[in-house]
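S.K.: here's a sequence, model it:
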Amino acid sequence: GMAESGRGSADDRQKTMEKMRIEDLSAGVGDRVVREGSRVSIKYVLRRSNGYFVDASYGFDRFETYSFRVGGGEVIQALELGVLGQKEGSRRRFVIPPALGYTNGAKKGDPGPIPPDWGPRRALQAHSREPLVLEILITRISG
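M.R.: Residues are numbered from 1 along each chain as shown. Model (predicted):
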């Protein structure tokens, strides 16, 4: 549940980060670094592990960026962990293991990002059995 989220030992977090196989694609700029409590805006592309497209923050009828407060439980755990230490303009790709992903499914009000369309939301239901791959670009960090 929520209670133990982010409260694990540094050792647990390290193991978790290794499972996520985080790849830095570009370093970003400036002195601001994402930490617990930061408000971040990102662009993202979400795919299945076979490369099949699930959802993106841009495209038809979508806002360009997706914003959330880190550590607030607004987004899936892998995304909360995956943005830590990033700078503005940095790009990162990582694996979302099922346990750190859409553990409640992808209904309105579940930790995001939740695709607006039924098809992609349905694709995320299958995620309990397979990892996803998320690529993110940090467009803004505040706080």
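S.K.: need the strands for this protein, in chain order.
M.R.: Along the chain, counting by DSSP state E, strands occupy 23-26, 39-48, 53-56, 66-69, 91-96, 132-142.
S.K.: these into TSV, with extra columns for mean neighbour count and mean pLDDT?
M.R.: Glycine gets a C-beta too; all of them are placed from N, C-alpha and C. TSV is the format used below for the strands of the chain (neighbours: other Cβ atoms under 10 Å; pLDDT from 0 to 100):
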stretch	mean neighbour count	mean pLDDT
strand 23-26	12	96
strand 39-48	19	94
strand 53-56	18	90
strand 66-69	18	94
strand 91-96	20	95
strand 132-142	20	95
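S.K.: to Ala123, which of these lies closest?
M.R.: Nearest to Ala123 among the strands of the chain is strand 53-56; the distance by Cβ to Cβ comes to 5.1 Å.
S.K.: before we move on, the earlier item: out of the strands of the chain, flag the one nearest Lys107.
M.R.: strand 53-56 (14.5 Å).
S.K.: quick revisit: in CSV: the strands of the chain, plus distance to Asp110.
M.R.: Shown next, in CSV, are these (distance: least, Cβ to Cβ, whole Å):
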stretch, distance to Asp110
strand 23-26, 26
strand 39-48, 14
strand 53-56, 14
strand 66-69, 13
strand 91-96, 14
strand 132-142, 14
